[in-house]
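Participant: Here is a sequence together with a model predicted from it:
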Amino acid sequence: MGELFWILISAMLISNFTLSLFLGLCPFMGVSARVGTALRMGLANIFVLVITSICAWLLNTYILPHAPYLRVISFIVVIASLVQIVEMAIKKISPTLFRELGIFLPLITTNCAILGFAIFQTNRGYDFLEGLSFAIGAGLGLTLALVLMASIRESSELSSIPAVARNMGLVLIIAGSLSLAFMGFAGLFST
Amino acid sequence: MRETTPQQDLIRGIWKENPVLVQLLGLCPALAVTNTVANSLAMGIATFFVLVGSSLLVSMFKKVIPHEVRISAYILIIATFVTIADLVLAAVVPLIHKELGAFIALIVVNCMILGRQEAFASKRPIGRSLLDAVGTGTGFMIALLMMGTFREILGNGSILGVSLFGDGFEPWVIFILPPGGFLTLGFILLAFGWWQERKSESVRIRQWPHGVATPSREEAA
């Protein structure tokens, strides 16, 4: 149990997907203008990551030992199609949930955070439960980074920013400072 | 669609529509692996290869691929080339391959590559698509090398592992760590913005030489 908690915390804070591994930067830059949207994007991310974790575990256990060179191709194809199916199912079962998360799901699927997650899970040889807790931790980490970024951007909207910094330059500098702050978590566990 | 000459197809991606510095595509690899020049170079070459290969194939098969499943077809083609690049790098430069790690496989989801297929290679003849891919790939490599040089000099005091300043130099370690990636690109973009601002300012002054007060861009808008 303790092991699972460690995996979760380290995926969420110490090696945060966005701020220290540079995965999932497109949504981080693209949909981080409003806190509400960022939060929903984060939740959709957690959801897709959990599905990915299950998929990657099944593929790693039953199929890829026979054909290791198919790793990248099978990950992306299987994950993309499964997310599509789940999206249709949600649309049918709970239209409210679909409205909250729906538009983000297809976007997320081809996000590097998802494929990167599947590859990390494989490389680290996580079993089923470890994979799930890694997925939740990584998803929470992405959500945290998105929400932090969105709140900073919301409050910077009213301040007077020099014209040169009004494009993405400022966002990247903010991201750099956040990443710097997250490096502080590296000392959270002393082993 | 705007018509372009072959020269424009080639040159556009290198500077004016540089994928990283102007369009902000493919940021994940651009920030993650540019901590040294050697890594940037390997990543640039691998991405260049995948981009040119998949543009060639997509352009060749554009009439065969059904419109509804085109994105999946592009991703399959790209993933094939990425697998080739992955295996070749593992065989030729095992050390760099180990350092780049998962980011080689992640070339598949580089939005710059998929973007070029969707926006260009799927609609144009093979020759033009190759020119476009070579231009964009070169632009990506230039941006990566720029960041790699910047970060390695500041963070390690060296280029390609050759020490530049001798023992007296205290490396600014933060630049080879993750925050350095964000900060480097941020500063490059700020410098670009400042440069463009100045250029448009000087054009404005030249057009109104008699000291007439003209509305600045913000006031006019």
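Facilitator: That came through fine.
Participant: Got phi/psi on residue B:162?
Facilitator: phi -90, psi 120 (degrees, to the nearest 10).
Participant: which residues does it bridge with?
Facilitator: Following DSSP bridges, residue B:162 is listed with bridge partners residue B:159.
Participant: What score does it have for pLDDT?
Facilitator: As predicted, residue B:162 sits at a pLDDT of 83.
Participant: May I have the residues that are in contact with residue A:49?
Facilitator: A:113, A:114, A:117, A:135, A:136, A:138, A:139 (Cβ atoms under 8 Å, 6 or more residues apart in numbering or on different chains). C-beta here means a position set from N, CA and C on the backbone, and glycine is covered the same way.
Participant: I meant residue B:140, not that one.
Facilitator: B:18, B:19, B:20, B:26, B:30, B:44, B:47, B:48, B:51, B:112 are the contacts of residue B:140 under Cβ under 8 Å, 6+ apart.
Participant: give me that answer again for 7 Å
Facilitator: Residues near residue B:140 by Cβ atoms under 7 Å, 6 or more residues apart in numbering or on different chains: B:19, B:20, B:26, B:44, B:47, B:112.
Participant: Check the burial of the third one by counting its neighbours.
Facilitator: Which is residue B:26. 27 (other Cβ atoms under 10 Å in any protein chain shown).
Participant: what's the answer for the last one, then?
Facilitator: The burial metric for residue B:112, expressed as a neighbour count using other Cβ under 10 Å, is 23.
Participant: Now name the helix or strand holding it.
Facilitator: Element membership of residue B:112 [criterion: DSSP states H and E] is helix B:111-116.
Participant: Could you do residue A:172 as well?
Facilitator: Going by DSSP H and E, residue A:172 is in helix A:168-182.
Participant: How about residue A:55?
Facilitator: helix A:35-58.
Participant: Run through who's touching the next helix-or-strand element following that helix.
Facilitator: Scanning forward in sequence from helix A:35-58 by DSSP H and E, the next helix or strand is helix A:71-93. For helix A:71-93, contacts defined as Cβ under 7 Å, 6+ apart pick out A:48, A:51-52, A:55-56, A:59, A:63-64, A:97-98, A:102, A:105-106, A:109-110, A:114-115, A:118, B:75-76, B:79, B:82-83, B:105, B:108.
Participant: Can you pull the residues of chain A lying near chain B?
Facilitator: A:19-23, A:25-26, A:29, A:69, A:72-73, A:76, A:110-112, A:115-116, A:119-120, A:123, A:163-165, A:167-169, A:172-173, A:175-176, A:179-180, A:183 (Cβ under 7 Å from any Cβ of the partner chain).
Participant: Who are the contact partners of residue B:23?
Facilitator: residue B:17.
Participant: wait, is it part of a strand?
Facilitator: No. Applying DSSP: H, G, I helix; E, B strand; the rest coil, one finds residue B:23 to be coil, outside a strand.
Participant: tell me the phi and psi of it?
Facilitator: According to degrees, to the nearest 10, residue B:23 has phi -90, psi -10.
Participant: can you list the residues of chain B near chain A?
Facilitator: So chain B meets chain A at B:24, B:27-28, B:31-32, B:75-76, B:79, B:82-83, B:102, B:105-106, B:108-109, B:111, B:177-179, B:181-183, B:185-186, B:189-190, B:193-194, B:197 (Cβ under 7 Å from any Cβ).
Participant: hmm, which helix or strand of chain A has the shakiest average pLDDT?
Facilitator: helix A:104-109 (a mean of 71; mean pLDDT, DSSP states H and E).
Participant: Past that one, which element shows up next along the chain?
Facilitator: Counting by DSSP H and E, what follows helix A:104-109 is helix A:112-124.
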